[in-house]
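[1] Provided below are the primary sequence and the corresponding predicted coordinates.
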Amino acid sequence: MGKALFFDIDGTLVNFQGRMPDSAKAALRQAQACGHKAVLCSGRSKCQIYPWLLDLNFDGLICGTGAYVEYGGEVIYEHHMEQEALENAKAVLEQAQACYCAQTKNGIVATADGKERMIRRFRAMGFNETMIDQVWKDAQVDEHLEQRGDIEKLLFHESRMSVPMIRERLDAYCDITESSLEQPVPDAGEITGKGINKALGIRKYIAYAGIERTDTIAFGDGPNDFDMLEFAGVGVAMGNGVLALKERADYITSGIDDDGIARALQTFGLLS
């Protein structure tokens, strides 16, 4: 049986200028032709994934940092944050004067202030206008996020509380990681429901597909990839990844723009 390959998107398959190396595209096609399954495993919700990336015919999707899982186009798992978790998260984020938004399967939702500040932050981080437009053009404004039943995760930036402080305040309700959209900084992070992470998404996928954990390989670069690299049979960190992820990895490949995906797939004998 072939391997199941789980790929983060930003910083792993696609660089922060929105480009996927041609070598990675070719290597993915070859790996699938050799009988391996290629699965996106992203912090993005499905609606945020580049349409051209979805057109590459992945064998599955894990989105919202594990809150949504598809196998062969079929939805096999969905999780939405509970109202109590949302209420507590909103209270802490507002006390921290953070800008924040929510991800749902169908789009981004934010307060009016949060939407304006998040767009400014994305520009300051150097994201191109194509990506910003894709994420924010149709973003919905809602001043009462805590009342929604369709939220997969929250993102926050510009917090006056550090990520560890927010983690401590919300530990009973949520999981909090540093932001994976940039080098970890103390004022930005991601919030999911308690126990919701990429490793959970992989568990759901392989249980449904009948794949052994030992036959999984995960590729990532940022803080929300920690758990999946530790869970997978083999964890691969990108050369451009954060140091803490590299310390958890079984193998470190070259950077995303130095053919890191193709080199790793070749190294593990997955292209022949």
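    Sure thing, it's come through.

[2] which ones are touching the most centrally placed residue in the chain?
    By CA atoms, centre = their mean, the mean C-alpha position of the chain lies nearest to Gly43, the distance being 1.9 Å. With contact taken as CB atoms under 8 Å, 6 or more residues apart in numbering, Gly43 is in contact with Asp8, Ile9, Asp10, Gly64, Thr65, Lys153, Ser180, Glu190, Asn224. To be clear about C-beta, it is placed using only N, CA and C from the backbone, and glycine gets the same treatment.

[3] same thing but at 10 Å, please
    For Gly43, the residues meeting the contact criterion (CB atoms under 10 Å, 6 or more residues apart in numbering) are 8-10, 62-67, 103, 152-153, 155, 177, 179-181, 190, 192, 197-198, 222-225.

[4] Return the subset of the residues you listed lying in helices.
    Within the contacts of Gly43, membership in helices is found for Lys198, as judged by DSSP state H.

[5] and Ala85, what are its phi and psi?
    According to degrees, to the nearest 10, the main-chain angles of Ala85 amount to phi -70, psi -40.

[6] Surely it and Ala172 touch.
    Yes: contact between Ala85 and Ala172 holds when scored by CB atoms under 10 Å: they sit 9.0 Å apart.

[7] When those two are compared, which one has more neighbours?
    Between Ala85 and Ala172, counted using other CB atoms under 10 Å, Ala85 has the larger neighbour count: 22 against 9.

[8] In space, what's closest to the more buried one - neighbours in sequence excluded?
    Residue nearest to Ala85 in three dimensions, not counting chain neighbours: Tyr173, with 4.1 Å by CB to CB, 6 or more residues apart in numbering.

[9] where's that neighbour relative to Ala91, distance?
    Plainly put, Tyr173 is 11 Å away from Ala91 if you go by CB to CB, to the nearest Å.

[10] Tell me which of those two has more neighbours.
    More neighbours sit around Tyr173 than around the other of Tyr173 and Ala91, counting by other CB under 10 Å; the figures are 19 against 13.

[11] residue ranges for the helices of the stretch 51-200 of the chain, please.
    Under the criterion DSSP state H, counting those that start in this stretch, the stretch 51-200 of the chain carries helices at the ranges 51-54, 83-95, 112-124, 129-136, 163-170, 198-209.
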